[in-house]
Each structure stands twice: as C-alpha cells, then as structure tokens.
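In: structure for this input, please:
(one chain, ligands or ions: 1)
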Amino acid sequence: MQAAVRPVFLVFFVFLAAGACAAPPAQDGERFGLVIHGGGGVMPRAEMTPELESEYRAALAEALEAGYEVLRRGDTAVDAVEAAIRVMEDSPLFNAGRGSSPNIEGDFELDASIMDGRTLDAGGVAIVRGVRNPITLSRIVMERTPHVLMAAEGAERLARDHGLEPVSPDYFWTERRWEMLQRRLEEDIPYGERPAPPGQEPDREPDREAGLRSHELFGTVGAAALDRHGNLAAGTSTGGRIGKMPGRVGDSPIIGAGTWADNNTVAVSSTGLGEYVLRLLGTRSVGDLVAYRGLSVDDAVEEVRQRFVYMGATISMIAIDPENNISMRYSGDGMYRGYVRQDGQVVVKVYED
Ligand code: ASP
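Out: Residues are numbered from 1 along each chain as shown. Below is the predicted model:
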C-alpha cells in the first residue's frame, strides 16, 4: 500500500518544486524608488492656506504610497507609475483626470503617456474625452495595440473596448479650474508666448502669461520609477494647458517630450508649457545628456531646464536613474513633488526645502 502511494507523493512534490522554479522571483534586489510631481506651478505661499497645502501633501503621499506598495511586493516600475498617477488623476487637486483644465470652449480633452525603460515600449493618448484614467489607457495602447500614440475617438473607442470606466464631462468639472478659464476669457489673456529666438535673451519674465500666476497654468502629474528588477519607467498625465484650443496636443502624450524612460539611462517626466517641451524634446534630451555626455541625472535635468529658461519657459522635471538617484528640478516658487525609496520614507515637498 505504502509503496503504491509514494510515487503519487513524489509526482506531487516534483510538481510543487517545478511550480516554485517557474514562478517569477518576487525580489531581484533591495533597491527601488519612485519620484512624482503634481505640476511645476505652485500657489504663492501668501495665498496657500494650511488646509489646502495639507490636502496637496496628503494626495502626493497617497500617490507615493500606492506606488511604493507595488514596488515593495516586486511588481514592475510600469505598474508603480500607473498606480501613482491614477491616484493623482482621481484627485480634483491636479490638472489631470478629475481636476483637468478645460480648453477654451470649456471641454475636457486629456493627454497622457507611459514608457517602459526595459523594452522602450511606449503608449500615449491625446485629446481623449470621458476617460477617467488616461494613464491606464496609455498603458493599453502600449501593451495591447501595435501603436504608440492614439487620439480622440479611436482612443476613446479603445477605452470602451477594454472596459475602462467611462465618465461624463461633469466628472472633470472643478470650480477652481472653471474660474481660471473664466478669468482668462474675461481678461482676454493670450495663450503662452513664443520662444525667444536662439541666442537671444527673452525680454520678459520666463513663461509668465500676463495676468496669470504660475499655479493657474500648471498641475500636470507625472511619475518615474525604478523597480527591484532594475527596470525604469515613466508616465505623465494632464488636462493640458488652460486656455488651449480644441484639438491641441501638448508634450505630455509625446514620447521624448513629456515622458521618457530607458533602463540604460533615466526615466523622466516633465511639466510646463508643452509648446516649448515639444520643440526641444525635453525628457529625451535628459536621456541623451546622460547617455552621450555622461552627466549625472540631476546635472542632466538641470542643464535641460536651463535651456528652457533661455527660451523663456519655466519647465520642471522629475527623474530617476538605475542607481536610484532622484532629481526634482523646478522653475518658479516650487513644485508639488515627492519621492520614496525602499526604506518606505515618504518625502513630500511643495516649496523650497
Ligand atoms: N505640459 C502640459 C501641457 O502643455 C501642461 C503642464 O505641464 O502644466 O499640456
């Protein structure tokens, strides 16, 4: 009897052992990190109430914790970027998802992108309406279509086909962004500025549209992560610059402009007037400076940021490299930002240190 049972157990244990070997390792290394931004223009200190500041800080911390949990359990940098950005898209505080800025006609047309530094796979969506989490739709473009960038109705159909939660235009309406648009219309504030010609200093304060303060312009969200397996990823999501024309596409859904990730160099997300970032391909430039000039991630981000300053733009960026070095560089009074590494210490900042 015993002799008859033993082979069955043997097969069972062999099966178990094979299963254990086939399972992906939960942890390749101890090191991982996540850095996020919630837009490069912050409210002037004098106007910021303690309540509002703590709401921002809580939302940033929640996004970092969501991404941290993903990385801690050994999931990928792409998973962490998506998780962190979804939290910020669901918050009315940021100009992405729920709190998106309306275009000049009062419609909400959202842009987003995501990039996997392991494969250089990437996905972006532009001018999408009624999609609650454009970052997830970007990931669907990346993973489930042969394309990199999809826009408008086709992208919205893709969202429906993949069961993403549809939302009505009212979902995106917030009093704050609406008032900003009304003020822009009433005071006839022009959109953006053209860059100063090469070699010429801009004769104005960088990127200040007359009458608008920087926090009325920005608020895009982004994340960049390094996972336990040594992979980098980045993503960005936005309602776009307030006062944009219908159909306008900014930098955020464009790979190399708003988002860039390459395991060999860096993962970056940017925020600021997209018309500038598109011209210089800001995040890809950071990657090139690391790859070809051997700059550190922070020096590369700062060099690119300075190039925007010479053009007259206030561009801010966050980045992480394969060594878990983090950069958070901004123009102006501050940037909603934060990071967390494997020790789980969540660091959130709004103004200068
Ligand atoms: N980059 C975004 C855009 O131009 C705006 C922002 O970052 O605030 O659409």
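In: and the strands in the stretch 251-353 of the chain?
Out: 259-262, 266-271, 316-320, 326-329, 337-341, 347-349 (DSSP state E, counting those that start in this stretch).
In: pLDDT weak spots in the stretch 201-350 of the chain?
Out: Applying pLDDT under 70 to the stretch 201-350 of the chain flags residues 201-218.
In: do you know how far Gly344 is from the ligand?
Out: From Gly344 across to the ligand, the span is 29 Å (C-beta to the nearest ligand atom, to the nearest Å). Every C-beta, even on glycine, is put in place using the N, C-alpha and C of the backbone.
In: is that residue in contact with Tyr68, as I believe?
Out: Yes. In terms of C-beta atoms under 8 Å, Gly344 counts as a neighbour of Tyr68; the distance is 6.3 Å.
In: which one's more surrounded, the two?
Out: Set side by side, Gly344 and Tyr68 show more neighbours around Tyr68, with 25 against 11, by other C-beta atoms under 10 Å.
In: which residues touch the more buried one?
Out: Leu34, Ala80, Val340, Gly344, Val346 (C-beta atoms under 8 Å, 6 or more residues apart in numbering).
In: if we go to 7 Å?
Out: Shown in contact with Tyr68 (C-beta atoms under 7 Å, 6 or more residues apart in numbering): Leu34, Val340, Gly344.
In: which phi and psi does it have?
Out: The phi and psi values for Tyr68, taken as degrees, to the nearest 10, are phi -60, psi -40.
In: what does this protein have sitting close to the ligand?
Out: Contact residues, the chain versus the ligand (C-beta under 6 Å from any ligand atom): 39, 95, 218-220, 238, 240-241, 250-252, 271-274.
In: what ranges does this protein have for its strands?
Out: Listed in chain order, the strands of the chain (DSSP state E) span 33-37, 110-116, 121-128, 149-151, 221-226, 232-238, 259-262, 266-271, 316-320, 326-329, 337-341, 347-349.
In: what angle do the fifth one and strand 33-37 make?
Out: Following axes from the mean of the first three to the mean of the last three C-alpha atoms, to 10 degrees, one obtains 170 degrees for the angle between strand 221-226 and strand 33-37.
In: packing partners of strand 221-226?
Out: Contacts defined by 3 or more C-beta pairs under 7 Å, 6 or more residues apart in numbering; DSSP states H and E place strand 221-226 against strand 33-37, helix 50-72, helix 77-89, strand 232-238, strand 266-271, strand 316-320.
In: average pLDDT for the longest one?
Out: For helix 50-72, mean pLDDT is 97.
In: may I see the buried residues of it?
Out: Of all the residues in helix 50-72, those buried under the rule 16 or more other C-beta atoms under 10 Å are 53, 56-57, 59-68, 70-72.
In: the spatially most central residue of the chain pairs with what?
Out: Geometric centre of the chain, nearest residue: Gly222, 1.8 Å, by C-alpha atoms, centre = their mean. Per DSSP bridges, the residues bridged to Gly222 are His37, Thr236.
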